[in-house]
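1. requesting a structural model of the entry that follows:
(2 chains, ligands or ions: 2)
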Amino acid sequence: MEKYNIVIIGGGPAGLAAASAAYDEGERSILILERDKELGGILNQCIHNGFGLHTFKEELTGPEYAKRFSDQVAEKKIEYRLNTMVMDISPDRMVTAMNRTDGLFTVQAGAVILAMGCRERSRGALNIPGYRPAGIYSAGTAQRLVNIEGYMPGREVVILGSGDIGLIMARRMTLEGAKVKVVAELMPYSGGLKRNIVQCLDDYGIPLKLSHTVVDIQGKDRVTGVTIAEVDSSNKPVPGTEEFYSCDTLLLSVGLLPENELSKTAGVALSRITNGPTVNEQLETSVDGIFACGNVLHVHDLVDYVSEEAAMAGRNAARFVREGRISDRSRELPIHVEGGPRYTVPCTIDPARIPEQLTVRFRVGSVMKNRYVSVYLDGERVLRRRRQIMAPGEMEELVFKKSMFEAHPDLQNITIRVEEA
Amino acid sequence: MEVRNLICINCPMGCPLEVTLDGGEVVSVTGNTCPRGAEYGRKEVTNPTRIVTSSVLVAHALNGEKTVSCKTRTDIPKGRIFDVVKALKGITVEAPVHIGDVILPDAAGTGVPVVATKEIL
Ligand SMILES: Cc1cc2nc3c(=O)[nH]c(=O)nc-3n(C[C@H](O)[C@H](O)[C@H](O)COP(=O)(O)OP(=O)(O)OC[C@H]3O[C@@H](n4cnc5c(N)ncnc54)[C@H](O)[C@@H]3O)c2cc1C
Ligand code: SF4
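-> Ligands and ions are numbered 1, 2, ... in the order given. This is a model prediction of the structure:
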């Protein structure tokens, strides 16, 4: 059986950054397994610009950003296998994968880094009545069709959901000559980034209807139109608010789900909120030596943060291989949240292992204005940051410093609390 | 004095900007996290521009890719976006293509070239 010190599942931006950082930490026995025919992950179909401004001080498109990282992997001569689907990971880190050249093969890994990204929520989860005519696509599928296959899926488009992919596709299809009639969003706020509302909808006069949903899809063989209605505070359509839009295409951009089928086979505990693994401050899952980063851990809007997080997972995996466990898990304290945040990544911190600086990321459950985000250690406030506005569509972060913890040697409780300012 | 509230679109941080104008002249931009935001705010109220991204067909690619993605090398006036996209229609480039290769030297008379953003061998 083959042996590698680190096996990375997924060659998207997370997997690539993790590999590169593990190499910089001195690790040379690294293998990346990627099911696609090229490295770069979802970025290959994100041909719009706006990636990596903070990492490279340059505004790159998705493929350009991906190339920066795949070049690093090539320079460092890190091994990778394309067209290789990972089928199973065991709790003792045996990775089973399959490709045309090697057939089914197993690799024993010293450490595993999960970097499988996420997939789109599908129509089945949506419960829209009516037939199942052609012309209904997830926004990501449409993105692949237009940007990679060079094929326009339709001419008159309605988009359900205001996730970033849907917004980006509203602009892309408009530029390609389609008429995007409306974007309907169930929630009273957009699921996408503000910048995408501005540059993808406002720039082209595409209306965004918040608190609206699709209540009916017309057409038997192909979509001929959809009916949209306003919803009340319990998300029920309000009678009398129905509006009909004729269209041949309905795009669904209703959210992303971390892709954790493999994590489950490894026995990794998942968060019911993020659908990603629960991790400690090392970004290590509940299974020793299995780390997670990128969209498989929690859905990111900003690839720069994916790269940063993944580099940390890479470094920690290399340290795990070299040193083994640094302390037992009994000192891992959960980060409690109050007043708004729905979850944090990491979920737990061992104060003894905290690095000089640790970035803790979270999302809030609703739009909140003018708040303080505070960190309390055993009831004492050690950090307070003001936020004008926080929204579920935008990830928040706090930087924990080692010095904050040094004054609390017998720490029992870590809480992040959002308070009225 | 006129105040315009904008969202900086230069990166996904989406900083809320407040641009103050006096007789059409920008006197201040606040709310930006980095210098690019100030520049964006200034431009957006005087001469709004955008980078345009698209893709064109590619022939004889080693891995069978059908398209190569591209962008205007720098931003172009917002009013010219559709002209640039139209100018790219019907273009087919020959593989190999490298990042930065010029696909169209002068996009719709904007003086800005369209360059490839992906390597296709
Ligand atoms: C449409 C869209 C637009 C975006 N726009 C922006 C933007 O403007 N700016 C910005 O900064 N960020 C943006 N993002 C966010 C950013 O692109 C993502 O957060 C980032 O790509 C996530 O990286 P990842 O490596 O975790 O996942 P991915 O890129 O999804 O990579 C995961 C990889 O794992 C592979 N994989 C999965 N399962 C297996 C398996 N079983 N075996 C082998 N391989 C497997 C997949 O094939 C894939 O290559 C956007 C994201 C999307 C989807
Ligand atoms: S001001 Fe700077 S940090 Fe803020 S959105 Fe603009 S480019 Fe990004």
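2. looks like residue A:308 contacts residue A:359 (just checking).
-> Yes: assessed by C-beta atoms under 8 Å, residue A:308 is found in contact with residue A:359 at 7.3 Å. Backbone N, C-alpha and C define where each C-beta goes, glycine included.
3. now the residue nearest to the spatial centre of chain B: how far from residue B:89?
-> Nearest to the geometric centre of chain B sits residue B:51, at 0.4 Å (C-alpha atoms, centre = their mean). Taking C-beta to C-beta, to the nearest Å as the criterion, residue B:51 is separated from residue B:89 by 19 Å.
4. and what of residue A:320?
-> Going from residue A:320 to residue B:89 by C-beta to C-beta gives 52 Å.
5. which of those two has more neighbours?
-> Ranked by neighbour count (other C-beta atoms under 10 Å in any protein chain shown), residue A:320 and residue B:89 place residue A:320 first, with 21 against 11.
6. got the contact list for that one?
-> Going by C-beta atoms under 8 Å, 6 or more residues apart in numbering or on different chains, residue A:320 touches A:110, A:111, A:282, A:284, A:289, A:291.
7. likewise residue A:19?
-> Taking C-beta under 8 Å, 6+ apart as the contact definition, residue A:19 lies against A:6, A:8, A:30, A:32, A:73, A:76, A:78, A:80, A:314.
8. from what I can see the second one touches residue A:30, true?
-> Yes: taking contacts as C-beta under 8 Å, residue A:8 lies within contact range of residue A:30: 6.9 Å.
9. what's the closest non-adjacent residue to whatever residue of chain A ends up closest to ligand 2?
-> Across chain A, the shortest distance to ligand 2 (C-beta to the nearest ligand atom) belongs to residue A:53, at 5.9 Å. Once flanking residues are discounted, residue A:53 sits nearest to residue B:11: 4.0 Å by C-beta to C-beta, 6 or more residues apart in numbering or on different chains.
10. surely the one you found and residue A:49 touch.
-> No: the criterion here is C-beta under 8 Å, and residue B:11 misses it with residue A:49 at 9.9 Å.
11. what about the two, which has more around it?
-> Shown here are residue B:11 and residue A:49; by other C-beta under 10 Å, residue A:49 has more neighbours (26 against 23).
12. could you check how far that one is from residue A:201?
-> 17 Å.
13. touching ligand 1 at all, stretch A:271-279?
-> No: Stretch A:271-279 stays clear of ligand 1 (C-beta under 6 Å from any ligand atom), getting no nearer than 10.2 Å.
14. contact partners of that stretch?
-> Contacts for stretch A:271-279 (C-beta under 8 Å, 6+ apart): A:114, A:257-258, A:260, A:263, A:268-270, A:285-286, A:291-292, A:296-299, A:342-343, A:345-348.
15. do you know the pLDDT at the residue in the stretch 201-350 of chain A that chain B sits nearest to?
-> Per C-beta to the nearest C-beta, residue A:302 is where the stretch 201-350 of chain A lies closest to chain B, at 4.7 Å. With respect to pLDDT, residue A:302 has a value of 85.
16. same question, the one 10 residues further on
-> At residue A:312, the pLDDT value in this model is 97.
17. quick revisit: overlap in contacts of residue B:11 and residue A:49?
-> Common neighbours of residue B:11 and residue A:49 (criterion: C-beta under 8 Å, 6+ apart): residue A:59.
18. find the nearest non-adjacent residue to residue A:339, please.
-> Nearest in space to residue A:339, with sequence neighbours left out and distances taken as C-beta to C-beta, 6+ apart, is residue A:418 at 3.8 Å.
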